[in-house]
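[1] Sequence and predicted structure below; questions after.
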Amino acid sequence: MTKPVWIRHASQLATLAGGSSSPVVGAKMNELSIIEDGSIWLEDGVIQRVGTDEELELHYRERAKEAQIIDASGKLVTPGLIDPHTHLVHAGSRQNEFNMRLNGATYMEIMNNGGGIHSTTAATRAATHEELFAQSKQRLDQFLLHGVTTVEAKSGYGLTLEDELKQLEVARQLHEAHPIDIVSTFMGAHAVPREYKENPDAFVDVVIEEMIPEVARRKLAVFNDVFCERGVFTPEQSRRILEAGVRHGLLPKIHADEIEPYEGAELAASVGAVSADHLLRASDKGIEQMAEAGVIAVLLPGTAFFLMAESANGRKMIDRGVAVAISTDCNPGSSPTVSLPLIMNLGCLKMGMTPAEVLTAATINAAHAIRCAHEVGSLEVGKKADVTIFDVPDFMTLQYRYGINHVNTVIKNGTIVVAEGRLA
Ligand SMILES: N=CN[C@@H](CCC(=O)O)C(=O)O
Ligand SMILES: [Zn+2]
């Protein structure tokens, strides 16, 4: 039995309370429900009580000796961060393509010439379970060191039934073996594999008729995602794939309007997607339809930064009533990072979001984007005891002192997994 953990005297305890039943929109994204001189008691893997230190002192004085006490004076305490869009499980690395892009090649040119997603697919197909597990686990450890306690992970570098299952099985094994919780997404429609280059519709049929049913039957994923982009999957193909997923119980997500405007946001609204992700080139009409349909925008400013493109307009989306979440998009091509705090910095600097909005986007709204808000994303009684403690006095300083890993302590399911910035 792990001891209870009592975090005391937080200079700010940002609870994000009150947003569990539906995603947080509009001005409410600025409300963090902060408790000053905050205190929280974690026991049996669950949050037992949250309040001022004075309140908890009254309640737990007698039991103080049993607990591991963390003095959070001068520190910011938040829910464990949640990354709702990653390509965590993959093999290999693409620094050569980064260099090509710096010399003028575009992301799509590299992909169309057999690189990009195709090169990671080749590496992932060639990797054993054990190799994929080991490489992905290293990334998970780094996520934890950056304060992240839940991660969504997509397949999509297998592009055959067998190799897609391999990625999803590794994600499941990592979920069981690692402190971070993983929520899996099937993304067989990440690229048209080279062997189907002349007949992409035949590959769409394989995704619909063979892959989706098997992934669903083996309960290897919660979501079904598609890269809807000119030269990858058309809106019509994407719709077929997403609707097929729904018929098998997989909830739709979509990579939309990343490189070119392609009515991806509109498609997301029309199929009732849980989220539409990227949206760098989303139309005003699409944004409006997403707000009406309650589709969450998962914004990935690190990808725009790394591709040297203009970021999505997070400010406009929030002002028009879209619920916004934020993510690293961790992948070897367009965003090889695990630093969700840096991505939050970019949310402020490149998407016009406030420090409070990016914290909402990386906690409770991120939880909604992966349908986990009933158990994580805020510090409320009964939720999982997932907590991150930053070595800054307040949420504004977390954004102001940018590009630094301020994580001091991470607690996952009530257990201290990072202490003094190192894996415990
Ligand atoms: N855009 C599509 N997929 C990934 C990138 C994948 C890759 O380049 O390997 C993304 O979300 O950015
Ligand atoms: Zn992605």
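    Right, received. Where do you want to start? Ligands and ions are numbered 1, 2, ... in the order given.

[2] make it CA atoms for all contacts and neighbour counts henceforth
    OK.

[3] which ones are touching Lys154?
    Lys154 makes contacts with His85, Thr86, His87, Leu88, Val89, Leu168, Ser184, Thr185, Phe186, Met187, as judged by Cα atoms under 8 Å, 6 or more residues apart in numbering.

[4] scratch that, Ala123
    Counting by Cα under 8 Å, 6+ apart, Ala123 touches His90, Ala91, Gly92.

[5] now do Ile35
    With contacts taken as Cα under 8 Å, 6+ apart, Ile35 has the following neighbours: Gln12, Leu13, Ala14, Thr15, Gly51, Thr52.

[6] how far away is it from Ala424?
    Per Cα to Cα, to the nearest Å, Ile35 is found 27 Å from Ala424.

[7] thinking again about what came up before, mind listing which of the contacts of Lys154 are in helices?
    Under the assignment DSSP state H, the contacts of Lys154 contribute Leu168 to helices.

[8] With neighbour count and pLDDT added, can I get the contacts of Lys154 in a markdown table?
    Listed next are the contacts of Lys154 as a markdown table, based on neighbours: other Cα atoms under 10 Å; pLDDT from 0 to 100:
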| residue | neighbour count | pLDDT |
| --- | --- | --- |
| His85 | 29 | 99 |
| Thr86 | 21 | 99 |
| His87 | 23 | 99 |
| Leu88 | 26 | 98 |
| Val89 | 28 | 98 |
| Leu168 | 25 | 99 |
| Ser184 | 27 | 99 |
| Thr185 | 28 | 99 |
| Phe186 | 30 | 99 |
| Met187 | 28 | 99 |
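
[9] and the two most separated of the contacts of Lys154?
    For these, the maximum inter-member distance is 14.7 Å, found between His85 and Leu168 (Cα to Cα).

[10] Run through who's touching the biggest strand by length in the chain.
    Longest strand in the chain, counting residues (DSSP state E): strand 181-189. Contacts with strand 181-189, where a contact means Cα under 8 Å, 6+ apart, come from 149-160, 164, 168, 171-172, 174-175, 204, 207, 211-212, 215, 220-227, 233, 241, 370.

[11] One more pass at 7 Å, please.
    The list of residues contacting strand 181-189 from outside it, by Cα atoms under 7 Å, 6 or more residues apart in numbering, reads 149-156, 159, 164, 171, 175, 207, 220-227.

[12] which among the residues you listed end up buried?
    Buried positions within those, assessed by neighbour count (16 or more other Cα atoms under 10 Å), are 149-156, 159, 164, 171, 175, 207, 220-227.

[13] ok, and of those, which contact ligand 1?
    The overlap between the buried ones among the contacts of strand 181-189 and the neighbourhood of ligand 1 (criterion: Cα under 6 Å from any ligand atom) consists of Phe227.

[14] Ligand 1 contacts on the stretch 1-150 of the chain?
    For the stretch 1-150 of the chain, the contact set with ligand 1 under Cα under 6 Å from any ligand atom comprises Gly116, Ile117.

[15] Of all residues in the stretch 1-150 of the chain, which one is closest to ligand 1?
    Checking the stretch 1-150 of the chain residue by residue against ligand 1 with Cα to the nearest ligand atom singles out Ile117 as nearest, at 4.2 Å.

[16] In contact with that residue, which residues?
    With Cα under 7 Å, 6+ apart as the criterion, the residues that contact Ile117 are Met111, Tyr157.

[17] which residues touch the closest residue to ligand 1 within the chain?
    Across the chain, the shortest distance to ligand 1 (Cα to the nearest ligand atom) belongs to Gly333, at 3.7 Å. Applying Cα under 7 Å, 6+ apart, one finds that Gly333 lies in contact with Arg94, Gly116.

[18] Is it correct that it falls within a helix?
    No - secondary structure assignment places Gly333 outside any helix; it is coil (DSSP: H, G, I helix; E, B strand; the rest coil).

[19] host element of Phe227?
    Using DSSP states H and E, Phe227 sits within strand 223-228.

[20] which element follows that strand toward the C-terminus?
    Sequence-wise, the next helix or strand beyond strand 223-228 is helix 235-247, with elements assigned using DSSP H and E.

[21] which parts of that next one are buried?
    By neighbour count on 16+ other Cα under 10 Å, the buried set for helix 235-247 is Pro235, Gln237, Ser238, Arg239, Arg240, Ile241, Leu242, Glu243, Ala244, Gly245, Val246.

[22] ranges for the strands of the stretch 251-400 of the chain?
    Counting by DSSP state E, counting those that start in this stretch, the segments of the stretch 251-400 of the chain that form strands are 251-256, 275-278, 296-299, 324-326, 387-390.

[23] if you compare those, which one is most tucked away?
    Each of the strands of the stretch 251-400 of the chain was assessed for mean neighbour count using mean count of other Cα atoms under 10 Å. The highest is strand 324-326, with a mean of 32.

[24] will you turn the contacts of Ala123 into CSV that also has distance to Ser39, pLDDT and neighbour count?
    Formatted as CSV, the entries for the contacts of Ala123 read as follows, by distance: Cα to Cα, whole Å; pLDDT from 0 to 100; neighbours: other Cα atoms under 10 Å:
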residue, distance to Ser39, pLDDT, neighbour count
His90, 39, 98, 26
Ala91, 42, 98, 23
Gly92, 43, 97, 15
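
[25] and of these, the nearest to Ser270?
    His90 (31.1 Å).

[26] got a list of what the closest one touches?
    Shown in contact with His90 (Cα under 7 Å, 6+ apart): Thr124, Leu132, Ser136, Tyr157.

[27] top of these by neighbour count?
    With neighbours set by other Cα atoms under 10 Å, the maximum within the contacts of His90 is found at Tyr157, which has 29 neighbours.

[28] that's a helix at that residue, yeah?
    No - Tyr157: not assigned to a helix; according to three-state DSSP it is coil.

[29] Relative to His368, how far out is it?
    As judged by Cα to Cα, Tyr157 and His368 stand 25 Å apart.

[30] Same check on Gly321?
    As it turns out, when the distance is counted by Cα to Cα, Gly321 lies 15 Å from His368.

[31] next one: Leu81
    When Cα to Cα is applied, the distance between Leu81 and His368 equals 13 Å.
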